[in-house]
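Asks: When you get a sec, could you give me coordinates for this:
(one chain, ligands or ions: 2)
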Amino acid sequence: MVWAGRLRALPLRILWGPRLRAWASTMAPPPRFFALELPGCTLAHFAVGTDAPGAPADPRVAALMATPGRSYSLCVPVAPGGDPGARVRAARLHQRLLQQLDRGPLKRCQLHRLLCYPPGGGAGTLQQGVLLHDPSDSPDTRRALLALLDSYLEAPRPSLGEFLVDDATRQLWQRRWELLDGQGWRQVEPEPVGPALEPDLHPAVPDLPSAGVFPHREAARAVLEACTAVIPEARAMLELVDRCPTRAQKGKFPVIVIEGLDATGKTTVTQAASESLKAVLLRSPPACVSQWREVFDDEPTIVRRAFYSLGNYIVASEIAEASARCPVIVDRYWHSTAAYAIATEVSGAVQHLPPAQHSVYQWPRDLLQPDLVLLLTVSPEERLRRIRGRGLEKTREETELEANSIFRQKVEECYRRMDNPGCREVDASPPREEVLRTVLSLIRTSCG
Ligand SMILES: Nc1ncnc2c1ncn2[C@@H]1O[C@H](COP(=O)(O)OP(=O)(O)OP(=O)(O)O)[C@@H](O)[C@H]1O
Ligand SMILES: Nc1ccn([C@H]2C[C@H](O)[C@@H](COP(=O)(O)O)O2)c(=O)n1
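Replies: Ligands and ions are numbered 1, 2, ... in the order given. I've put the predicted structure just below:
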C-alpha cells in the first residue's frame, strides 16, 4: 500500500500533530526506483518499497552490495520547489555534496552515480545522488555521513539510505535515516529492494528542458537571474544578453556552423574556410563573455549550460549583423551546448540517450538558425594524436573526453540526432587541405 492511500484513509477529525507525525514516520514511504551506473557505464535498475518483496534485485546490484563492506545511497531532489532558483540551489548542493564525499573518511568509499525517481517519473520528480560503497564497513563512514547531513540546515536536505543483505535469504533491504524532532537521526523500518524494469525514457530526460537544454532564451535567462546573488558574473552576462534583439534575423549571406568534439579540427577548418570564402569568423561562446567562462565551467550543468545558451543568443546577434554584409562561419553554436548537456545528464551509455526525434534535439524556437551545420568527426585514435600533438593544457572536460570514450560517443551521437537543422557529417581525418576542399564543396552545393 502506498503512502497517499494510507493517509487518505485517516478520519478527518485527526489533526496533523506530533503524535500523527510520529505515527506517519513509521509508515512505508512511497515506492522509489533507482538507476545505478556501474563500471563500463551500464545502468542497473532496482526498486525500493514496491510490493515485490522476495523477488531478487538485478544480480549486478546484489553483487555490488554483497561485496564486503556497506553501501549507502545519498540523494538530492533536482527541483524541490520547481522554480529555477530552487533548481539552482539543489544543483549546487549536489555539487557540494560530491566535493564533500572526496574528503576525510568518506574518501575511501567507491562512488557510483545514482538517480532516484518515482513510478512514472516526470519532470521535477527526479533525485540525483550517489551510491557509496565503503569496503571497510567502518562506523566512521556512517558517522561522517550523518555529520554531513547535519551540516545541511536548509531544505532540500540530502536523504540517506543504508543497504543490508539478509545472509539467510540473500534478500536486499534499504533502511532510510530520518531526523526525528529533537531526537536526532534514527533508522526507519527496512524496505525490500526488488527488481525494476528499465523505463522507456531515461529518468533524467523529462528535466532536460529546465536543466541544461533550454528550449528558449527566457528559460536560460531565468536560471542566470536566479544565480545573481551568488555569482556576480551572472548579472554581467544578463546585461549583455538583454542588449541583444529578442529575435535576431539572418541577413542575405549564408551562415555555416562547424561542430565537433575538441581537436577534430574546427579551428583549423573555420580559419581556412573563412579566409577562402572571405567570410566573417565568429565563435560561441563569443569573445565578449570568455572572461567569465572559467567561473561558469565550475558550476553544475544547469548554470553552466545557461551561460553557454545565452552565449549562443549573443552570437546570434553578431551573426545577424555580419550576415547582412558577407558569409559567416561559426565555430560551435547551439548543437554543442545541447549535445554536451544531454551527454552529461543522461547517465549510462549511448543506448540510454533519448531516441532520435525527441524534442531535446530540436532547435530552440527563438534562436537564429544557420543555413548549414557541418559535424567534423575523426577516429578516437586520431583525435588523441591531435590533442597530444597540440600539447596544450587540457580543460576538465577534455580530460573527461580522453578518459571516457563513452561520454565522447554520447556527445557525438547527440550531434548526429540533432534536428532542424541537422548536422552533415564530414570525415575530418584526411590531411588539412583535403578536409578543407570537402567542407568548401559542401558549402557551395548547400548554400549556393
Ligand atoms: N586534417 C588534419 N590533419 C592533421 N592534423 C590536424 C588536422 N586538422 C587539425 N589538425 C591539428 O589537430 C589539432 C587540433 O585541431 P584544432 O585546434 O583545429 O581542433 P578544434 O576542433 O578547434 O579543437 P578545440 O575544440 O579543442 O579547440 C591542431 O594541432 C591542428 O593543427
Ligand atoms: N556553444 C557552445 C560552445 C561550447 N560549449 C561547451 C561544450 C564543452 O563543454 C566546451 C567545449 O568548448 P571548447 O573547448 O571547444 O572551446 O564548451 C557549449 O556548451 N556551447
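Asks: all contacts plus neighbour counts: C-alpha atoms, from now on.
Replies: OK.
Asks: Run the chain-centre distance for the longest helix along the chain.
Replies: In the chain, ranked by residue count with DSSP state H as the criterion, the top helix is helix 301-322. If you compare the mean C-alpha spot of helix 301-322 with that of the full chain, they lie 19 Å apart, counting by Cα atoms, centre = their mean, to the nearest Å.
Asks: A57 against T50, yeah?
Replies: No: contact between A57 and T50 fails when scored by Cα atoms under 8 Å: they sit 11.8 Å apart.
Asks: what's the nearest residue to L197 if we skip its chain neighbours?
Replies: Closest residue to L197 apart from its sequence neighbours, by Cα to Cα, 6 or more residues apart in numbering: H45 at 6.6 Å.
Asks: looking at this, the one you found is in a strand?
Replies: Yes: according to DSSP: H, G, I helix; E, B strand; the rest coil, H45 belongs to a strand.
Asks: Now do it against ligand 2, distance only.
Replies: Applying Cα to the nearest ligand atom, to the nearest Å, one obtains 28 Å for the distance of H45 from ligand 2.
Asks: Quickly note the distance from that residue to G422.
Replies: Relative to G422, H45 is positioned 33 Å away (criterion: Cα to Cα, to the nearest Å).
Asks: For these two, indicate the residue with more neighbours.
Replies: H45 (22 against 18; other Cα atoms under 10 Å).
Asks: Look up how far P195 lies from the more buried one.
Replies: Taking Cα to Cα, one finds H45 at 7 Å from P195.
Asks: what do those two both touch?
Replies: Common neighbours of H45 and P195, counting by Cα atoms under 8 Å, 6 or more residues apart in numbering, are D58.
Asks: Now do the contacts for the residue lying closest to R304 once chain neighbours are set aside.
Replies: Distances taken as Cα to Cα, 6+ apart put F296 closest to R304, at 5.0 Å, once the chain neighbours are dropped. Shown in contact with F296 (Cα under 8 Å, 6+ apart): V303, R304, F307.
Asks: Apply 10 Å and report the result again.
Replies: Counting by Cα atoms under 10 Å, 6 or more residues apart in numbering, F296 makes contact with I231, E233, A234, V303, R304, R305, A306, F307, Y308.
Asks: next one: V241
Replies: Residues touching V241, when contacts are defined by Cα under 10 Å, 6+ apart, comprise R217, R221, R235, L310, G311, N312, Y313, I314, V315, S317.
Asks: export the residues you listed to TSV and tack on pLDDT, distance to Q174 and neighbour count?
Replies: Formatted as TSV, the entries for these read as follows, by pLDDT from 0 to 100; distance: Cα to Cα, whole Å; neighbours: other Cα atoms under 10 Å:
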residue	pLDDT	distance to Q174	neighbour count
R217	98	42	20
R221	98	40	21
R235	98	44	16
L310	98	43	28
G311	98	44	26
N312	98	45	26
Y313	98	47	28
I314	98	49	25
V315	98	50	26
S317	98	53	22
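Asks: so which of these also contact ligand 2?
Replies: The subset of the contacts of V241 within reach of ligand 2, by Cα under 6 Å from any ligand atom, is N312.
Asks: between the contacts of F296, which is nearest ligand 2?
Replies: The nearest member of the contacts of F296 to ligand 2, counting by Cα to the nearest ligand atom, is Y308 at 4.8 Å.
Asks: Return the per-residue confidence for that closest one.
Replies: Here, the pLDDT recorded for Y308 equals 98.
Asks: thought it was touching E299?
Replies: No: applying Cα atoms under 10 Å as the test, Y308 and E299 come out as separate, 11.9 Å apart.
Asks: Have a look at those two and say which one is more surrounded.
Replies: Each of Y308 and E299 had its neighbours counted (other Cα under 10 Å), and the higher figure belongs to Y308 (25 against 17).
Asks: what's the distance between the helix or strand where A343 lies and the middle of its chain?
Replies: When secondary structure is defined by DSSP states H and E, A343 falls within helix 334-345. Taking Cα atoms, centre = their mean, one finds helix 334-345 lying 9 Å from the centre of the chain it belongs to.
Asks: avg pLDDT for that helix?
Replies: Helix 334-345 carries an average pLDDT of 98.
Asks: ok so, going back, give the bridge partners for the residue nearest to L197, please.
Replies: Here H45 sits in beta bridges with A35, going by DSSP bridges.
Asks: That one and G348 touch, don't they?
Replies: No: H45 is not in contact with G348 according to Cα under 10 Å; the separation is 11.4 Å.
Asks: Can you check which residues contact both of the two?
Replies: Taking Cα under 10 Å, 6+ apart as the contact definition, H45 and G348 share the neighbouring residues A35, L36, E37.
Asks: right, and the secondary structure at the last one would be what?
Replies: So that's E37. strand.
Asks: That one reaches L132, doesn't it?
Replies: No: with contact taken as Cα under 10 Å, E37 and L132 are classed as non-touching, separated by 11.7 Å.
Asks: any shared contact partners between these two?
Replies: Both E37 and L132 are contacted by L111, H112, R113, L114, under the criterion Cα under 10 Å, 6+ apart.
Asks: sorry, back to before: so which bits of the helix holding A343 are buried?
Replies: Of all the residues in helix 334-345, those buried under the rule 16 or more other Cα atoms under 10 Å are W334, H335, S336, T337, A338, A339, Y340, A341, I342, A343, E345.
Asks: How about the contacts made by K107?
Replies: Q99, Q100, L101, L132, D134, T141.
Asks: Now with 6 Å, please.
Replies: Taking Cα atoms under 6 Å, 6 or more residues apart in numbering as the contact definition, K107 lies against L101.
Asks: residues from this protein in reach of ligand 2?
Replies: D262, S284, P285, R305, Y308, N312, R332, Y333, W334, S336, T337, Y340.
Asks: The same query, at a cut-off of 5 Å, please.
Replies: S284, Y308, Y333, S336, T337 (Cα under 5 Å from any ligand atom).
Asks: Could you check how far the first one is from Q369?
Replies: Relative to Q369, S284 is positioned 14 Å away (criterion: Cα to Cα).
Asks: Out of the buried residues of helix 334-345, flag the one nearest to ligand 1.
Replies: Of all the buried residues of helix 334-345, the one with the least separation from ligand 1 (Cα to the nearest ligand atom) is S336, at 10.3 Å.
Asks: Give me the neighbour count for R89.
Replies: Under the criterion other Cα under 10 Å, the count of neighbours that R89 has is 19.
Asks: how close does it sit to ligand 1?
Replies: Separation of R89 from ligand 1 (Cα to the nearest ligand atom) stands at 30 Å.
Asks: Figure out the helix or strand that that residue lives in.
Replies: The secondary structure element spanning R89 is helix 84-100 (assigned by DSSP H and E).
Asks: got the buried residues for that helix?
Replies: Taking 16+ other Cα under 10 Å as the criterion, helix 84-100 shows 84-95, 97 as buried.
Asks: tell me which element E225 falls in.
Replies: Of the helices and strands defined by DSSP H and E, E225 is found in helix 217-227.
Asks: Now do that helix against helix 84-100, angle only.
Replies: 60 degrees (axes from the mean of the first three to the mean of the last three Cα atoms, to 10 degrees).
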